[in-house]
Structures are given as structure tokens and as C-alpha cells.
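Engineer: give the three-dimensional model of this entry:
(one chain, ligands or ions: 1)
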Amino acid sequence: MSETYDFLFKFLVIGSAGTGKSCLLHQFIENKFKQDSNHTIGVEFGSRVVNVGGKTVKLQIWDTAGQERFRSVTRSYYRGAAGALLVYDITSRETYNALTNWLTDARTLASPNIVIILCGNKKDLDADREVTFLEASRFAQENELMFLETSALTGENVEEGFLKCARTILNKIDSGELDPERMGSGIQYGDASLRQLRQPRGSTAQNKQQCSC
Ligand SMILES: Nc1nc2c(ncn2[C@@H]2O[C@H](COP(=O)(O)OP(=O)(O)OP(=O)(O)O)[C@@H](O)[C@H]2O)c(=O)[nH]1
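Structural biologist: As a prediction, the model looks like this:
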């Protein structure tokens, strides 16, 4: 059965190694925690169709390796991404300190307009926390990011993270702030919206047949 959707958005999941990027993607796609997750080599890929604000959106998600030695490979996937989950681990200040570098990469290599949601993952490990919610939310505000704390283990806020990002992109399309037709926007029209785009014009084949002139 072929999938119909209004839009396709290209998403990235970026952040330091071991922060839980692959587990977040797995939880979002499979609805369960990925046991025995290994370091990602290069990039992995997943997709899911979601409903956001009455629109059907296919999210095409690239899960990138956090390890430095894969950086040149992963960077080549940034181009034309519409949205990103920028992930740190709330129990590791080191992963939080690296956020500025990841952010610079995303905005320079993907697009300055990329919509980014900051995810403080491993929310379930609150006893081992090294970064407070308040500190991270200030960082998010200063850098114009949305922000959530997530747990790929329990599933808390995982779906919300992806959907919030998709909803913001849709709002920006509606307001004209993002143009899906711009090259490298990371947004494509799907079958459903193409059909809508073709139909209402007065010059469709059907209308011509019905025209009495
Ligand atoms: N407690 C807890 N552990 C998690 C969570 N998410 C991931 N983990 C664990 O953290 C480790 C790293 O998870 P991955 O998803 O492989 O991390 P990654 O960011 O994809 O790592 P790279 O591929 O090397 O960039 C694994 O041992 C996971 O079991 C979470 O929300 N809570």
C-alpha cells in the first residue's frame, strides 16, 4: 500500500556519543526501548508518518554518530535538513558543554532556518543529574531552541520532541517564514498536497470539460 502524506520533512538527530540518539529514534519508531544499543557508525535512518495539526507528515530521520571520528561523514548528511533534535545527557555535563559546537554545525551546514529542539535525555536518571532543567532552558532560550527533557527508556516526551519540531515547521510554512519550494529546505510536498495543489485551479481537465464556453 502506498503512503500518502501532505509533507515530507528531513530531520537530524545530533549530539555527543552515548547521549541516547539511537534509543530516542528507536523509541519513536518502534515504541520501545532499544536494549544493547551500540555506537552508531556513520548514520542510520528511520521514518514514520505522523499527524500534526490536521496534516499528514512523513518524517525522514537521520540518526548520526556522535563520535568525533565519524564527524566528516555525519556532516555530509546535514544539508537540507528542516528540523533537528539536539541531544545531550542530563547526567553528563561534558555532553552539555559540547552543545554550542553541535549547534554551530547544524546552523552552518544544514540551514540557518533549521528548527531545533534541545532534548535533555535520560530524564529517568534524575539522581545522577549534572545539568539542571533551569540551566538548560536558559541555554535554549538564549539560542532560540525549543527544549524538553526526555527519556528514551520510559518513552517520556520522546514523541512530543519529534512532534513539537514538526508542528513548528508547519506553522512556519503556514506563516510564509519557510518556503518548501526553496532548494535545500528539507521539505517536500507529498502526494496528498500535490493533488490539492493541482485540483483547485480553474484550468483542470475536469473543469474544462464542464465549461459551457
Ligand atoms: N537510563 C537511560 N539510558 C539511556 C537512555 N537513552 C539511552 N540510554 C543508554 O545510553 C547508552 C547510549 O545510547 P545510544 O542511543 O546508543 O547513544 P547514541 O547517542 O546513539 O550514541 P552514538 O551512536 O555513539 O552517537 C546506551 O547504553 C543506552 O542504553 C535513557 O533515556 N535512559
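Engineer: in this protein, which helix is the longest?
Structural biologist: helix 158-175 (DSSP state H).
Engineer: what average pLDDT does it get?
Structural biologist: Averaging pLDDT along helix 158-175 gives 96.
Engineer: could I get the buried residue list for stretch 108-121?
Structural biologist: By neighbour count with 16 or more other Cβ atoms under 10 Å, stretch 108-121 contains the buried residues Leu109, Ala110, Ser111, Asn113, Ile114, Val115, Ile116, Ile117, Leu118, Cys119, Gly120, Asn121. Heads up, the C-betas are built off the backbone N, CA and C, glycines and all.
Engineer: again, but for stretch 44-53
Structural biologist: Residues of stretch 44-53 classed as buried by neighbour count (16+ other Cβ under 10 Å): Glu44, Gly46, Val50, Val52.
Engineer: show me what from the protein comes close to the ligand.
Structural biologist: For the chain, the residues found near the ligand under the criterion Cβ under 6 Å from any ligand atom are 17-23, 37, 39-40, 65-67, 121-122, 124-125, 151-153.
Engineer: on that earlier part again, pick the one among the buried residues of stretch 44-53 closest to the ligand.
Structural biologist: Among the buried residues of stretch 44-53, Glu44 lies closest to the ligand (Cβ to the nearest ligand atom), at 8.3 Å.
Engineer: you'd agree that closest one is up against Leu24?
Structural biologist: No. Using Cβ atoms under 8 Å, Glu44 is not in contact with Leu24; the gap is 11.8 Å.
Engineer: all strands for the chain, in order.
Structural biologist: 7-15, 43-52, 55-64, 83-89, 115-121, 146-149, 187-189 (DSSP state E).
Engineer: ok so, going back, which among the residues of the chain next to the ligand count as buried?
Structural biologist: 17-23, 40, 65-66, 121-122, 124, 151-153.
Engineer: now, which of those lie within helices?
Structural biologist: Filtering those for membership in helices, criterion DSSP H, returns Lys21, Ser22, Cys23.
Engineer: tell me the contacts of the closest residue to the second one other than its chain neighbours?
Structural biologist: The one in question is Ser22. Spatially, and ignoring its direct neighbours in sequence, Ser22 is nearest to Ser37 (5.1 Å; Cβ to Cβ, 6 or more residues apart in numbering). The contact partners of Ser37, taken as Cβ atoms under 8 Å, 6 or more residues apart in numbering, are Gly20, Ser22, Cys23, His26.
Engineer: out of the residues you listed, which comes closest to Gly80?
Structural biologist: Lowest distance from Gly80 to the contacts of Ser37 (Cβ to Cβ) belongs to Ser22, with 21.9 Å.
Engineer: give me the pLDDT value at that closest one.
Structural biologist: pLDDT, read off for Ser22, is 97.
Engineer: ok, it touching Val43?
Structural biologist: No. Between Ser22 and Val43 there is no contact under Cβ under 8 Å: 10.5 Å.
Engineer: and for these two, which residues touch both?
Structural biologist: Joint contacts of Ser22 and Val43 (Cβ under 8 Å, 6+ apart) are Asp63.
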